[in-house]
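Asks: need coordinates for the below:
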Amino acid sequence: MAHKVKMNIHDGLAFSEGEFRRRWGLVQNAMKEKGVDVLLVRTPENICYLTGYETPGYYGYHCLIVSADQEPVLVVRRLEQVNVAEFSWLTESSPVDDHEVPWEVTIREVLKRGMADKRLGVEKASFFSTIAEYEAVMAGLKGATVVDATGIIEEARLIKSDEEIALMRVCSDILDKGMQAGIDATKAGRTEDQIAATVHEVLVGLGSEYPSLPHFICSGPRASVTHATWRGRKVEKGDVVFFELSAVKHRYNVAILRCVCDGKPSDETRKFADATEAALAAAMAAIKPGATCDSVYWASHNAIVERGLGKYNPHRAGYSIGISFPPDWGEGQIRSLRNKEMRTIAPNMCFHIIPAVQRYREVGVCVSQTIRVTETGCEAFSKLPYPLIVK
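Replies: Prediction:
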């Protein structure tokens, strides 16, 4: 049995006490299966998933110490310590002053709690775990057996609960309204900046929080530039205006992409649009429990190849999505719909499917959906139609 962590849940959390207990049960059972006694959690998304804690100051040091038989403690920069009470259910935190070496505080906490001779799990693949930190932990806890615990929490995050799905539906409703505002604002003679301002006003006004990636809003030849943002270009008749947007609440993200033309698009634009629309439909048809990520990728990519545009689609077909902090709104490091990814898909996984087709400085078109895997297939969160929109 997983240890039941004592929780003092307050009303400001996004999820119920039962939801947080469910998460802790999953993670502690996984720790037991992998023989991990103590887990040092350095990934902001993983800390948020387990505790509710969040801050844009995650560039500062954060380390959640998790064990089977003691209260968890968050080692955190003193300036950020107020956010433990504000956003999480945690009852213990250990502050790091700015003059201190952060991981030395973590080592002291582990020693103080009698964990120095345990099997200690670290997240080797975390963006936030440096070589210097790893070497210091190894040197400071020589009695511990240090093992790689990458993936323990990520695998728990991959399959969403009913409460997580409900929150993502709220995000999707906001996102549809923000996207519709962008579509309505698209008009020849307006600038990318003016259109982007409208989108931001609506999304924020409806309660979307700061995104984990900037919104990608660009037009004409710039629609073929990967991850391009608004730069003041004036939209011309027949231009593609490219929108890839997200909506966020409590760090949960939903994203979609739509393309809009004010005026008749070129024949080449229509050809590219038809390919990405077919690829999206093929990917969604291929998604079902038990299917491999590789099979979904090939369903999507082959639909583009069949239309003679395969070389303009050089990337994965999609990625897991859910909880995130900048610099990425996806969970692609957990699961990607890509070539040679043979792990399988299960109900309540969520993916952003994004089969873009781009020829640099000439044509760039894509449509996308964030989907939930069901017992028999998948369902899209967005209620907006996805073919190329011509005004």
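Asks: and the strands in the stretch 1-150 of the chain?
Replies: Ranges of strands within the stretch 1-150 of the chain are 38-41, 62-67, 73-77, 93-96, 119-122, 145-148, based on DSSP state E, counting those that start in this stretch.
Asks: let me have these in a markdown table, extended by mean pLDDT and distance to Phe325.
Replies: All C-beta atoms are positioned from the backbone trio N, CA, C, and that covers glycine. Shown next, in a markdown table, are the strands of the stretch 1-150 of the chain (pLDDT from 0 to 100; distance: least, Cβ to Cβ, whole Å):
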| stretch | mean pLDDT | distance to Phe325 |
| --- | --- | --- |
| strand 38-41 | 97 | 14 |
| strand 62-67 | 97 | 11 |
| strand 73-77 | 97 | 15 |
| strand 93-96 | 96 | 19 |
| strand 119-122 | 96 | 20 |
| strand 145-148 | 94 | 22 |
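Asks: out of the ones you listed, which is closest to Leu175?
Replies: strand 62-67 (28.4 Å; Cβ to Cβ).
Asks: that closest one - contacts with which helices or strands?
Replies: Packing partners of strand 62-67 (3 or more Cβ pairs under 8 Å, 6 or more residues apart in numbering; DSSP states H and E): helix 17-34, strand 38-41, helix 44-51, strand 73-77, helix 102-112.
Asks: what are the boundaries of the helices in this protein?
Replies: With DSSP state H as the definition, the chain shows helices at residue ranges 17-34, 44-51, 82-87, 102-112, 131-140, 152-158, 162-185, 192-205, 267-286, 293-305.
Asks: Throw those helices into CSV and include distance to Phe325, thanks.
Replies: Below are the helices of the chain laid out as CSV (distance: least, Cβ to Cβ, whole Å):
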stretch, distance to Phe325
helix 17-34, 17
helix 44-51, 5
helix 82-87, 13
helix 102-112, 18
helix 131-140, 19
helix 152-158, 13
helix 162-185, 15
helix 192-205, 18
helix 267-286, 27
helix 293-305, 24
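Asks: run through the residues that contact Phe80.
Replies: I think there's a mix-up here, since residue 80 is Glu and not Phe. Glu80 makes contacts with 55, 57, 60, 62, as judged by Cβ atoms under 8 Å, 6 or more residues apart in numbering.
Asks: hmm, back to that, out of the helices of the chain, deepest packed?
Replies: helix 44-51 (a mean of 24; mean count of other Cβ atoms under 10 Å).
Asks: which residues make contact with that helix from outside it?
Replies: Against helix 44-51 from outside (Cβ under 8 Å, 6+ apart): 20, 23-24, 27, 41, 53-54, 58, 62, 64, 66, 72, 74, 88-90, 123, 128, 153-154, 156-157, 251, 323-325, 331.
Asks: understood, closing this out.
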